[in-house]
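Novice: Dropping the sequence and predicted coords here.
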Amino acid sequence: MNVNRDDERSARGSQGPQINRPDTDFGELRTAVDEPRRKRIEREYGVPFPGEILPREQWTSTALKKLPAAGPLEWQHVFARPAPVVLDLGCGNGRYLIGSALWRPQYDHLGIDALPVVIRYATRRANQRGLRNIRLAVAGGKELLHQYVVPGSVTEIHCYHPQPYYEPEEFSKRLITPEFLWLVWRSLVPGGLFVLQTDNPAYAAYMCQVVPAFFRLTVQKERWPDAPKGRTRREIVALRRHLPVFRATALARTDLDDREGQHLAGSLPQPTFDAAR
């Protein structure tokens, strides 16, 4: 990971106030007070990572090191304030979630991933950017929604590039299932937002088949306007490899009740598709 100490180029959301210096004919020497602090910007594949690395005294602590033995999570306790909550299930190194936390300080953000190593990367980056509206934890997406999320308590849920798993004996590990979609629907506020993305065409086709049972699905035909080079590290890689990227937003249906949702979860087809390209 490269760090660019360049105060002229910075990631979105890290621009500070600009200092205007009048032109003179005397060539005055600039004092230390005149010089802005050089920004420290990380890049992945040449794409700036959101925000800047702040001086160490401004770092925060964003790790949610241990989930309670038995649910649920109380968001006001986790974030020490009442605010809309955004979940990123399988957040990886935190690129999307950290950017959202920077650009939307009025929202609280929880990112989880089953891999401790990527959560360590994400936590370090969130700490270095001085964020207070984000927490990161090691957990599985289905387990989090089932055990720890109060129904109707989350404003947005994001799921970028869930692992497709290619071997038949691993199909049961796939995240997007009818039961998972019901848990997402149940966790969201009425009409809440669900965001999906994959670069696997078979996974995309399955999503289009089952997601509309719980959500009003809209396919995003163009790149995300807030991140045309990629919201996530995986998307950046996919675009560099010229892979097709399926992006969609989905609003939770308000004409379902929980009993109907449970019935759908048990009757819709399971994700047994062949993920080979």
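Specialist: Received, thanks.

Novice: can you give me the strands in this structure?
Specialist: Along the chain, counting by DSSP state E, strands occupy 2-5, 40-44, 47-48, 85-89, 108-113, 134-138, 154-160, 188-198, 215-219, 246-252.

Novice: partners of the fifth one in the sheet?
Specialist: In other words, strand 108-113. Applying DSSP bridges, strand 108-113 is found paired with strand 85-89 (parallel), strand 134-138 (parallel).

Novice: distance of Pro225 from Val47?
Specialist: Here the distance between Pro225 and Val47 works out to 15 Å (Cβ to Cβ, to the nearest Å). Every C-beta, even on glycine, is put in place using the N, C-alpha and C of the backbone.

Novice: quick one, which of those two is more surrounded?
Specialist: Ranked by neighbour count (other Cβ atoms under 10 Å), Pro225 and Val47 place Val47 first, with 19 against 7.

Novice: Now that the more buried one has come up, it's in contact with Val237, right?
Specialist: No - in this structure, Val47 is not within contact of Val237 by Cβ atoms under 8 Å, at 10.5 Å.

Novice: coming back round to it: closest one to Val245 among the strands paired with strand 108-113?
Specialist: strand 85-89 (17.2 Å; Cβ to Cβ).

Novice: what angle do that closest one and strand 188-198 make?
Specialist: Angle of strand 85-89 versus strand 188-198, following axes from the mean of the first three to the mean of the last three Cα atoms, to 10 degrees, is 30 degrees.

Novice: In a markdown table: the strands of the chain, plus distance to Thr177 and mean pLDDT.
Specialist: Shown next, in a markdown table, are the strands of the chain (distance: least, Cβ to Cβ, whole Å; pLDDT from 0 to 100):
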| stretch | distance to Thr177 | mean pLDDT |
| --- | --- | --- |
| strand 2-5 | 38 | 48 |
| strand 40-44 | 30 | 93 |
| strand 47-48 | 32 | 96 |
| strand 85-89 | 13 | 98 |
| strand 108-113 | 17 | 98 |
| strand 134-138 | 21 | 98 |
| strand 154-160 | 12 | 98 |
| strand 188-198 | 13 | 98 |
| strand 215-219 | 14 | 98 |
| strand 246-252 | 15 | 98 |
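
Novice: For Pro271, find the nearest of those.
Specialist: Distance to Pro271, taken as Cβ to Cβ, is lowest for strand 188-198 among those, at 11.5 Å.

Novice: Convert the C-alpha atoms of that closest one to CSV, please.
Specialist: The C-alpha coordinates for strand 188-198 follow below in CSV (Å, rounded to 0.1, in the frame of the first residue of the first chain):
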residue,chain,number,x,y,z
LEU,A,188,-34.2,-2.8,7.8
VAL,A,189,-36.6,0.0,8.6
PRO,A,190,-39.7,0.0,6.4
GLY,A,191,-38.6,0.9,2.9
GLY,A,192,-34.9,0.7,4.0
LEU,A,193,-32.1,0.4,1.4
PHE,A,194,-30.2,-2.8,0.5
VAL,A,195,-27.2,-2.5,-1.9
LEU,A,196,-25.7,-5.5,-3.8
GLN,A,197,-22.8,-5.9,-6.1
THR,A,198,-21.0,-8.8,-7.7
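
Novice: Just checking: what are the partner strands of it?
Specialist: Assessed with DSSP bridges, strand 188-198 is paired to strand 154-160 (parallel), strand 246-252 (antiparallel).
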